[in-house]
Each structure stands twice: as structure tokens, then as C-alpha cells.
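Chemist: this one's sequence-less:
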């Protein structure tokens with residue numbers, strides 16, 4: 001299974017994409033293709049790096065000409081039949097390269113964010129569950145990734161402790177009841193979706209805290225963990241796959257994020 005790493009000069013000084021790409025390539029047992037996108041008519045030679053040495057991974061270096069970086073990487077992913085495309089650290093907001101690529105290429109896109117310089121094995125895959133239209137398919141991608149890398153699976157929903165449709169005058173007790181109902185609903189949906197995939201040993205949880213960011217950081221993360229999120233979660237703030245807190249989940253995640261279009265598992 002080929003891992004395609006997008007080499008975008010000047011955007012990844014720490015080489016996070018290459019480190020994460022190497023980890024994924026070793027885990028998936030396939031080659032790594034390091035791809036540079038150049039504009040039509042540009043000389044690719046100055047931008048294309050030499051093939052790096054990555055232990056246990058066959059590395060190929062290539063370039064492709066295209067008017068847009070997402071378009072070029074999408075074409076390269078198709079040409080090399082890539083299972084996943086890896087990019088360096090980038091804000092996963094609307095219009096970002098990662099978000100546009102995940103939709104254009106119809107392939108998961110891994111962002112080498114915080115924790116991406118960890119070189120150990122992938123130990124756990126957490127799926128951010130929001131119960132939206134593509135939630136089951138996003139979960140299927142996370143489960144597939146975990147199975148192929150030998151990692152465990154965790155499914156997590158995140159929400160703010162306050163603001164769950166409880167008016168302030170209703171009091172803390174009423175708020176706690178609503179949060180508990182939300183937690184039971186999320187975890188029940190998670191377990192049902194896992195059962196459909198034949199998964200019986202995954203951890204499920206629904207975390208609520210003062211803010212979504214605190215809920216995300218408070219659940220504990222392994223150094224070798226990945227977070228799988230639906231690509232639609234980087235859309236507009238009020239129409240995201242995870243609900244309104246979607247963008248906050250992405251901002252707060254302390255591990256590399258895999259954006260998936262939610263239409264297919266790994267190829």
C-alpha cells in the first residue's frame with residue numbers, strides 16, 4: 001500500500017510529513033512516494049529533493065506539474081494508487097490544502113501535526129464520532145487503519161459541558177442530566193456502529209468539559225496515536241460532520257490527524 005508524501009517547500013521545516021509518512025509506510029508494508037508539485041512550465045529540478053533514507057521503506061521521489069497543489073497531489077495519488085496522502089503541519093480550516101485534497105482525491109489525508117515527530121509504531125487509532133451522515137464510513141476508515149497497522153481502536157465524541165440546550169436558570173442538576181443523556185446517546189451509537197463492523201474490543205467514550213478543547217485534551221493520548229476525522233469537519237463552523245465543535249476538535253488534537261472523505265476505506 002503506497003503512502004504519498006506531499007513535499008511542499010517552505011511549509012514543513014521539521015520534516016513532520018516525512019516522519020509520519022515513514023511510520024505509515026512501515027506499518028502498511030508499502031513504498032513511500034515523495035511528490036513535489038510544480039507549476040506548468042516550471043523547472044522541477046530545484047524543488048525536488050533527493051530520496052531520503054528511511055529504514056525498512058522503499059522510497060521514490062517524483063514531481064508533477066499542476067496549477068494547484070491539491071490538484072497535483074490528487075492526480076499523483078491516483079497515479080500511484082496511494083492508500084493515504086501525508087502533508088506537513090497545516091491549519092485544517094476551510095480551503096486548506098489538506099481539506100481540499102481529502103475531497104478531491106477521495107483518499108485519506110494525514111496531517112503531520114503535534115506528535116508527528118514521534119518515530120515509534122502506531123499504537124492506537126481514535127475516531128472522532130459526531131453521528132453525522134458519514135459517521136459510519138469515517139469509523140470504517142479508522143477501523144481499517146487500525147487493523148492494517150496493528151493498533152487498537154477508540155471512538156470518542158466531544159462536547160462542551162455548558163450550552164447543551166439547557167437554559168442557565170435550569171440549574172446545574174438539569175445540565176448534568178442533559179450531558180449524561182448526550183453521553184449515553186453518543187456511546188450507544190458508537191457501540192452500534194462498531195458492532196456493524198464486527199468490532200467488539202474498541203473503547204468508546206463521550207467527553208464533556210467546560211470547552212470542547214478541554215474535552216479533547218482531557219481524554220489522554222498515546223505518543224503513537226492517530227486521530228481520524230471526517231473531512232467535512234473542516235467545513236463551515238455550523239455545518240461540520242462533528243457538529244459545531246468540529247473545528248475545536250481539530251485545533252485541540254495533540255496527535256497527527258487523518259482527514260477522510262468518509263466515502264471509502266483504505267484502498
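Modeler: Good, I have the coordinates. None of these values were measured; they are calculated from a predicted model. Numbers count the residues shown, from 1 in each chain.

Chemist: If you count residues, where's the longest strand of the protein?
Modeler: strand 152-160 (DSSP state E).

Chemist: what helices or strands is it leaning on?
Modeler: Judged by 3 or more Cβ pairs under 8 Å, 6 or more residues apart in numbering; DSSP states H and E, the packing partners of strand 152-160 are strand 124-128, helix 135-149, helix 172-196, strand 203-209, helix 212-217. (Each C-beta comes from the backbone N, C-alpha and C, glycine too.)

Chemist: in it, what counts as buried?
Modeler: 153, 154, 155, 156, 157, 158, 159, 160 (16 or more other Cβ atoms under 10 Å).

Chemist: do stretch 25-39 as well
Modeler: Using 16+ other Cβ under 10 Å as the test for burial, stretch 25-39 gives 25-28, 30-38.

Chemist: Strands along this structure, start to end?
Modeler: With DSSP E, the ranges of strands along the chain come out as 2-7, 32-38, 59-65, 82-88, 109-112, 124-128, 152-160, 203-209, 225-230, 257-260.

Chemist: Reformat those strands as a markdown table; add mean pLDDT and distance to residue 16.
Modeler: Output for the strands of the chain, formatted as a markdown table (pLDDT from 0 to 100; distance: least, Cβ to Cβ, whole Å):
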| stretch | mean pLDDT | distance to residue 16 |
| --- | --- | --- |
| strand 2-7 | 94 | 10 |
| strand 32-38 | 93 | 14 |
| strand 59-65 | 92 | 17 |
| strand 82-88 | 92 | 5 |
| strand 109-112 | 89 | 3 |
| strand 124-128 | 96 | 18 |
| strand 152-160 | 93 | 23 |
| strand 203-209 | 93 | 26 |
| strand 225-230 | 92 | 13 |
| strand 257-260 | 89 | 12 |
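
Chemist: Tally up the residues packed near residue 68, please.
Modeler: A count of nearby residues for residue 68, using other Cβ atoms under 10 Å, gives 14.

Chemist: so what's it up against?
Modeler: Taking Cβ atoms under 8 Å, 6 or more residues apart in numbering, we find residue 68 in contact with residue 37.

Chemist: for the one 3 residues further on, same thing?
Modeler: Residues in contact with residue 71 (Cβ under 8 Å, 6+ apart) are residue 104.

Chemist: in the protein, which ranges drop under the pLDDT threshold?
Modeler: For the chain, the stretches with pLDDT under 70 are 43-48, 89-95, 103, 114-116, 162-173, 232-246, 262-267.

Chemist: mind giving me the domain split of it?
Modeler: The chain breaks down by automatic domain parsing into domains covering 1-113, 121-267.

Chemist: can you pull the contacts of the most centrally placed residue in the chain?
Modeler: Nearest residue to the geometric centre of the chain (Cα atoms, centre = their mean): residue 258, 1.6 Å. Remark: with contacts taken as Cβ under 8 Å, 6+ apart, residue 258 is in contact with 84, 108, 109, 110, 111, 141, 142, 145, 226, 227, 228, 229.

Chemist: Pull up the gap between it and residue 32, please.
Modeler: Distance, residue 258 to residue 32, using Cβ to Cβ, to the nearest Å: 16 Å.

Chemist: With residue 223 instead?
Modeler: Applying Cβ to Cβ, the value for residue 223 to residue 32 is 21 Å.

Chemist: What residues sit buried inside stretch 10-24?
Modeler: Buried residues in stretch 10-24, defined by neighbour count with 16+ other Cβ under 10 Å: 12, 15, 16, 17, 18, 19, 20, 21, 22, 23, 24.

Chemist: Skipping adjacent residues, who's closest to the first one in space?
Modeler: Which is residue 12. The shortest distance from residue 12 to any non-neighbouring residue, by Cβ to Cβ, 6 or more residues apart in numbering, is to residue 88 (2.7 Å).
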